[in-house]
Structure formats: C-alpha cells, structure tokens
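Novice: sequence and predicted structure are below.
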Amino acid sequence: MNTASPTVFVVDDYAPVRRSISRLLRAAGFLVATFASAEEFLAQYDPGAWGCLVLDVAMPALNGLQLQDILVKTRSLLPIVFLTGEGDIPMSVRAMKRGASDFLTKPVDEKDLLAAVRVAIDKHRAWRREQVEASDVRARLAALTPREREVLGYVVAGKLNKQIAGDLGTVEQTIKVHRARVMQKMKARSVAELVRLMERCRINGSVHC
C-alpha cells in the first residue's frame with residue numbers, strides 16, 4: 001500500500017457503493033484501494049502510505065467513527081472524507097472535531113466527492129512536507145552541543161549576548177562563538193529564520209526536546 005503516488009482508500013461495507021466510487025475515482029486518475037470493512041482496512045494499512053480515506057460511517061462491527069478514533073490514537077495523518085446515509089449534525093460535528101477533512105451525505109454528488117478527495121490529498125501532501133522539514137530541523141538540532149542548545153534557547157527567546165552571558169556565568173565573547181556555531185549548524189541566516197525553524201518542528205523556546 002505504500003506507493004509513490006497518493007492512494008484513495010475506500011472503506012464501505014456495501015459492494016455497489018465501493019464499485020461506483022472506485023470507478024469514479026479511477027476515471028479521475030486516482031489510485032484506489034477498496035475494503036469491505038474497517039477491520040479489513042486496518043489489517044492491510046501501511047502508516048507510511050499517503051493519500052486519503054473515503055470512509056462510510058455506518059458499518060457492522062467497527063464503524064467509521066470508531067475507525068477514525070483508532071487512527072487518531074495511532075497519530076495517523078491520513079485525511080478522512082466521511083460518507084453517510086444516516087448522518088446527523090452531532091455526528092458530523094464529532095467527525096470534524098476529530099480532524100475529518102469532509103463529511104458528505106449519500107447519495108453523494110460526484111463533483112463534491114472528487115473535490116473533497118482532492119482537498120484531502122492536498123492536506124496530506126502539506127502535512128508530509130511539514131514532517132520532512134521538521135525532521136530536518138531535528139537532525140540539525142542533534143548536531144548541537146549541550147551548551148549550544150542552551151544558547152539556542154536563549155537566542156530564540158530574544159536574549160542579547162550580554163544577557164545570555166550573565167545568565168550562563170560566562171563572558172560575552174564566548175556566547176558570540178556559541179551563537180555563531182548555532183547559526184551555522186542550524187543553517188539559519190538570521191534570528192528570525194532561526195525562530196521559524198523552531199516553530200516549524202513545534203519545539204518550544206527552551207529546546208529541551
């Protein structure tokens with residue numbers, strides 16, 4: 001299931017709906033994988049795969065909302081487009097609060113479904129890109145010495161070299177050297193860029209990650 005191109009995973013216990021959605025998506029140029037149950041999907045799901053999930057709400061045994069809960073708990077970023085013939089407002093609100101990309105009512109309009117799938121895939125593409133960037137920043141952080149990480153925390157907090165030196169009990173020239181090494185290793189050309197890098201990987205100013 002882990003492919004270079006995005007895949008639309010369709011989970012619906014009603015075979016005619018699976019076939020209809022699959023034909024529509026394939027005709028639009030999407031790679032499609034279909035599953036008759038949430039359990040079947042989980043048995044084959046590769047967390048490294050990307051794309052989106054088109055998911056029926058009402059299914060026997062494990063329903064769509066329960067599958068969503070499982071994916072949320074495993075920190076899956078796979079966006080979900082829910083389909084339901086029985087949906088109500090509270091169900092829709094719950095699904096969206098838990099991170100669903102969209103919630104469509106059956107019989108679904110083909111244009112609405114294709115638009116929702118494209119939006120969901122774009123979301124996953126952006127999330128994956130953010131993860132790669134965050135991983136790169138963490139790799140740069142790992143190259144810092146403990147003292148450089150300390151100095152980095154002060155710099156991101158907006159402290160001046162003199163203030164950092166006072167807090168760390170050293171001289172300003174030493175802080176200048178550490179600061180220059182931090183900027184070099186983090187590949188940042190300015191403090192503003194350094195702050196953006198730290199925000200990108202969601203690391204707070206104390207840099208104790």
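Specialist: Good, I have the coordinates.

Novice: tell me the SS of A58?
Specialist: Three-state call for A58 (DSSP: H, G, I helix; E, B strand; the rest coil): coil.

Novice: what about it, how many residues nearby?
Specialist: 17 (other CB atoms under 10 Å). C-beta: built from backbone N, CA, C; applies to glycine.

Novice: distance of it relative to R181?
Specialist: 58 Å (CB to CB, to the nearest Å).

Novice: keeping just the C-alphas, turn the worst-scoring helix or strand of the chain on mean pLDDT into PDB.
Specialist: Within the chain, confidence by mean pLDDT, DSSP states H and E is lowest for helix 89-97 among all helices and strands, at a mean of 79. Coordinates of each C-alpha in helix 89-97 appear next as PDB, following Å, rounded to 0.1, in the frame of the first residue of the first chain:
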ATOM      1  CA  ILE A  89     -25.400  17.200  12.800                       C
ATOM      2  CA  PRO A  90     -23.900  15.900  16.100                       C
ATOM      3  CA  MET A  91     -22.200  13.000  14.200                       C
ATOM      4  CA  SER A  92     -20.800  15.400  11.600                       C
ATOM      5  CA  VAL A  93     -19.600  17.800  14.300                       C
ATOM      6  CA  ARG A  94     -17.800  15.000  16.100                       C
ATOM      7  CA  ALA A  95     -16.200  13.700  13.000                       C
ATOM      8  CA  MET A  96     -14.900  17.200  12.000                       C
ATOM      9  CA  LYS A  97     -13.700  17.900  15.500                       C
END
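
Novice: what's it in contact with?
Specialist: Applying CB atoms under 8 Å, 6 or more residues apart in numbering, the contact partners of helix 89-97 are 57, 65, 68, 80, 82, 84, 103.

Novice: and the next helix or strand after it, what's buried?
Specialist: Moving toward the C-terminus from helix 89-97, the next helix or strand (DSSP states H and E) is strand 102-105. Residues 102-104 are the ones in strand 102-105 that count as buried (16 or more other CB atoms under 10 Å).

Novice: what are the ranges of the helices in this protein?
Specialist: 15-27, 38-44, 64-73, 89-97, 110-142, 146-156, 161-168, 172-186, 191-200 (DSSP state H).

Novice: follow-up on the earlier one: chain center to the least confident helix or strand of the chain, what's the gap?
Specialist: 20 Å (CA atoms, centre = their mean, to the nearest Å).

Novice: and that helix, which residues are buried?
Specialist: Here helix 89-97 shows 91-92, 95 as buried, counting by 16+ other CB under 10 Å.

Novice: go on, stretch 13-25?
Specialist: So, applying 16+ other CB under 10 Å, buried residues of stretch 13-25: 13, 17-18, 20-22, 24-25.

Novice: same thing with stretch 103-115?
Specialist: Quick answer for stretch 103-115 (16+ other CB under 10 Å): 103-104, 108, 113-114.
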